[in-house]
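[1] Quick one: sequence plus predicted model below, questions after.
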Amino acid sequence: MSIQAVVWDVDDTLFDYTTADRLGMRAHLAAEGLLDGYGTVEQAITRWREITHLQWARFAAGEATFEAQRRDRVRMFVGQELTDAEADAWFQRYVAHYEAVWALFPDVLPVLDALAASHRHAVLSNSSLHVQDRKLRVLGVHDRFETILCAAELGVSKPEAGAFHAVCEALALA
């Protein structure tokens, strides 16, 4: 059986998430006046990433909603009890800095172009459709994918087999 489709991840596959997160968080921490609480910018970013991984694991395990894990990331990082609205506002200010530095990896467009005639393309992400749909549109590659599926809407995340079965079903592939 020949390969008929390529299923792509978004963050750190198509899109340079790590660099955007680092640069966006650095700008956000400076704007929020939070750098003094850490020895260096890198220590602050390392803490943000640790909290992100911890909260993401809760979401992936079904212990928290997508929104709840994001709010809890903010609360843990700033070390304060915040209302949902306050946590959401803090996160949105971070997102503005993060989005300002979004970029595809340099090889993404050439690879998508090279495979366009021979392979179907889909996205399977452990994020939410709201987040990834917007990201792919802003980055100018949304229309290159037949389907975009995300864990928040599927109720199952990678590496669970159900996530991969869902994308195969969406593409009508075995």
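    It's in.

[2] how about the closest residue to residue 37 other than its chain neighbours, what does it touch?
    Here the nearest residue to residue 37 in space, its sequence neighbours aside, is residue 44; by Cβ to Cβ, 6 or more residues apart in numbering that works out to 7.4 Å. No exception for glycine: its C-beta is placed from N, CA and C like everyone else's. With contacts taken as Cβ atoms under 8 Å, 6 or more residues apart in numbering, residue 44 has the following neighbours: 25, 29, 34, 35, 37, 38.

[3] In this structure the first one contacts residue 97, no?
    Yes. Under the criterion of Cβ atoms under 8 Å, residue 25 is in contact with residue 97, at a separation of 7.3 Å.

[4] hang on, the earlier thing: return the subset of the contacts of residue 44 lying in helices.
    Counting by DSSP state H, these place 25, 29 in helices.

[5] Please, a PyMOL command that selects the buried ones among the contacts of residue 44?
    Those of the contacts of residue 44 that meet the burial criterion (16 or more other Cβ atoms under 10 Å) are gathered into one PyMOL selection, given here:
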select buried, resi 25+29+34
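
[6] Export the contacts of residue 44 as CSV, with columns for distance to residue 66.
    CSV is the format used below for these (distance: Cβ to Cβ, whole Å):
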residue, distance to residue 66
25, 19
29, 23
34, 24
35, 28
37, 27
38, 27
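
[7] Can you pick out the most distant pair from the contacts of residue 44?
    Put simply, by Cβ to Cβ the two of the contacts of residue 44 set farthest apart are 25 and 37, 13.4 Å from each other.

[8] Give me the phi and psi for residue 96.
    phi -60, psi -40 (degrees, to the nearest 10).

[9] oh, I was asking about residue 97
    Phi and psi for residue 97, reported as degrees, to the nearest 10, are phi -70, psi -40.

[10] SS state for the residue nearest to residue 37?
    Look at residue 44: counting by DSSP: H, G, I helix; E, B strand; the rest coil, its state is helix.

[11] how close does residue 168 get to residue 174?
    Taken as Cβ to Cβ, to the nearest Å, the spacing of residue 168 relative to residue 174 amounts to 7 Å.

[12] Correction: the previous question concerned residue 29.
    When Cβ to Cβ is applied, the distance between residue 29 and residue 174 equals 48 Å.

[13] Can you report phi and psi for residue 14?
    The phi/psi pair for residue 14 (degrees, to the nearest 10) reads phi -90, psi -40.

[14] Verify the stated contact: it with residue 8.
    Yes. Proximity of residue 14 to residue 8 meets the contact threshold set by Cβ under 8 Å, at 5.8 Å.
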